[in-house]
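Chemist: Coordinates for the following, if possible.
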Amino acid sequence: MRTLREINRGPKRALLWSAIPGGGQVYNKAWWKVPLVYSGLLGVIAVADYNQTQYRRFVTALEARCLGDGNLIVVPYAECIIQDNEFSVDEVTSQALVSARNNANRSRQTAYFGMIAVYVLQAVEAFTDAHLQDFDINDDLSIRLSPTVTPDGLAGAGVVVPLGSGKRRKREEARVRLLAR
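Modeler: Alright, predicted model coming up:
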């Protein structure tokens, strides 16, 4: 006979499995979430790759204009020969290239943080899903007025809001009955 521990997934194990992207979702038997995890990661990686390509284009253009890498704009010196590239000097100013390079760099770094965020979110989702495996979903959300007894022994009226079907309490009562035999 299978025990409750064998049926339920351990949240810590789901978190360990999520070291591999999508592994926690596989551990929790939520196979349909794996494509979502990978599409999120691949989407952010594609954005980072695009911004890296743009960044390299602008840095190369700045270097071709003998302006350094754009971090330190130097006056073109006599030995430097300005080379033609995809951004002609007549159409695009050097300051516009520096600004475009900075924007591409900022977008690239944001995409790197996005990769980390997607990775962490899939791990948190696997951990949370494993915690909620035995969460009792019941339609009984009624409020009842019933007598209650306080720890001091005083009786009074109280409001009872039943959340769940009481499976946990029934299990504990059955366990107590077994131990009482």
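Chemist: Report the secondary structure state of residue 87.
Modeler: For residue 87, the secondary structure call by DSSP: H, G, I helix; E, B strand; the rest coil comes out as coil.
Chemist: Which pLDDT value belongs to residue 62?
Modeler: We have a pLDDT of 81 for residue 62.
Chemist: got the contact list for the spatially most central residue of the chain?
Modeler: The structure's the chain has its C-alpha centroid closest to residue 121; by C-alpha atoms, centre = their mean the separation is 1.9 Å. The contact partners of residue 121, by C-beta atoms under 8 Å, 6 or more residues apart in numbering, come to residue 40. All C-beta spots, glycine's among them, are computed from the backbone N, C-alpha and C.
Chemist: How far off centre is the helix or strand hosting it?
Modeler: Counting by DSSP states H and E, the element that carries residue 121 is helix 94-131. Between the mean C-alpha point of helix 94-131 and the mean C-alpha point of its chain there is a distance of 11 Å (C-alpha atoms, centre = their mean, to the nearest Å).
Chemist: List the buried residues in it.
Modeler: Neighbour-count burial for helix 94-131, counted by 16 or more other C-beta atoms under 10 Å, picks out 97-98, 100-101, 104-105, 107-108, 111, 114-115, 118-119, 122-123, 125-127, 129-130.
Chemist: immediately after that helix, which helix or strand?
Modeler: Elements were assigned by DSSP H and E; along the chain past helix 94-131, the next helix or strand is strand 144-149.
Chemist: Which strands or helices does that next one pack on?
Modeler: Here strand 144-149 touches strand 155-160, going by 3 or more C-beta pairs under 8 Å, 6 or more residues apart in numbering; DSSP states H and E.
Chemist: who's in contact with the strand it packs on?
Modeler: Outside strand 155-160, the residues that touch it by C-beta under 8 Å, 6+ apart are 143, 144, 145, 146, 147, 148, 149, 150.
Chemist: immediately after the helix or strand of the chain with the lowest mean pLDDT, which helix or strand?
Modeler: Using mean pLDDT, DSSP states H and E, the weakest-scoring helix or strand in the chain turns out to be helix 4-7, at a mean of 57. Going down the chain from helix 4-7, the next helix or strand is helix 11-17, by DSSP H and E.
Chemist: distance of residue 23 from residue 115?
Modeler: With the distance defined as C-beta to C-beta, to the nearest Å, residue 23 ends up 17 Å from residue 115.
Chemist: wait, I meant residue 145
Modeler: 53 Å.
Chemist: pLDDT weak spots in the protein?
Modeler: Within the chain, the stretches falling below the threshold (pLDDT under 70) are 1-8, 66-84, 136-143, 160-166.
Chemist: and if we set it to 90?
Modeler: Scanning the chain for pLDDT under 90 picks out 1-11, 29, 58-98, 130-181.
Chemist: just to revisit the earlier point, who wins for most neighbours among the contacts of strand 155-160?
Modeler: Per-residue neighbour counts (other C-beta atoms under 10 Å) across these peak at residue 148, which has 12 neighbours.
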